[in-house]
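Engineer: Fold the stuff below for me.
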Amino acid sequence: MNNIPNIVKETSLGLQRLTIPEALFQRREVQCMGEIDRETVCGLILQLRYLEQEDGKAPITMYINSPGGSVPDGLALYDVMKSISCPVRTVCVGTAASMGAVLFLSGQERYILPHSQVMIHDPLTGNVGGSALKIAQVSRELMKVREVMAEIIAQHTGKTPAEILERTATDTYFTAQEAVDFGLADKIIYEI
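Structural biologist: Modelled structure (predicted):
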């Protein structure tokens, strides 16, 4: 993000220098790019809440290009997207994978560019070590998260949780058209 140019806009206060993300934010557009982690999610939550405060009815557009990341952090953003009064539209530009896919499919309107893709799968965990009891506990928690994620995906696609669990047993990739057909996206768009 170091190569983002500044733009200059003339306002009633004179010339104003903005980065392109700042200018897009003024148009109620936010960017969810890269890994879903605490820092990314905190920034997006602040932006969504601010835009809701500015106008509680105007739509917000969230552009998503993410390989996924932290499920707890992603679920925090998901909850905020669902709790604010503004409709949040999502646009997949590139890849929405794993937690990025869950955030994408949770938009009130879900658009995907023609060469974008969506990938869903079971939640992952890092290296698990330790005693058998610790491994069993981690496994139980992971299965709970798996059920929660399947419920969310099912709710937004019109599929049953069992259908989702079957599709997420392995990494399942969807082209733009396949994502629309499966209920992960509403429409392929050719202009943004």
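Engineer: tell me the mean pLDDT over the longest helix belonging to the chain?
Structural biologist: In the chain, ranked by residue count with DSSP state H as the criterion, the top helix is helix 132-157. Rounded to a whole number, the mean pLDDT of helix 132-157 is 92.
Engineer: what about the strands in the chain?
Structural biologist: With DSSP state E applied, the chain shows strands at 6-11, 14-19, 29-33, 60-66, 88-97, 109-112, 117-120, 172-175, 187-188, listed in chain order.
Engineer: Return the list of helices and strands in contact with the last one.
Structural biologist: Counting contacts by 3 or more C-beta pairs under 8 Å, 6 or more residues apart in numbering; DSSP states H and E, the secondary-structure elements packed against strand 187-188 are strand 109-112, helix 176-182. For every residue, glycine as well, the C-beta is placed using N, CA and C.
Engineer: distance between it and the chain's centre?
Structural biologist: The chain centroid and the centroid of strand 187-188 are separated by 17 Å, computed with C-alpha atoms, centre = their mean, to the nearest Å.
Engineer: what does that strand rub up against?
Structural biologist: Where contact means C-beta atoms under 8 Å, 6 or more residues apart in numbering, the residues beyond strand 187-188 that reach it are 109-114, 176-177, 180.
Engineer: Just checking: what are the partner strands of it?
Structural biologist: Sheet neighbours of strand 187-188, with direction, are listed as strand 109-112 (parallel) (DSSP bridges).
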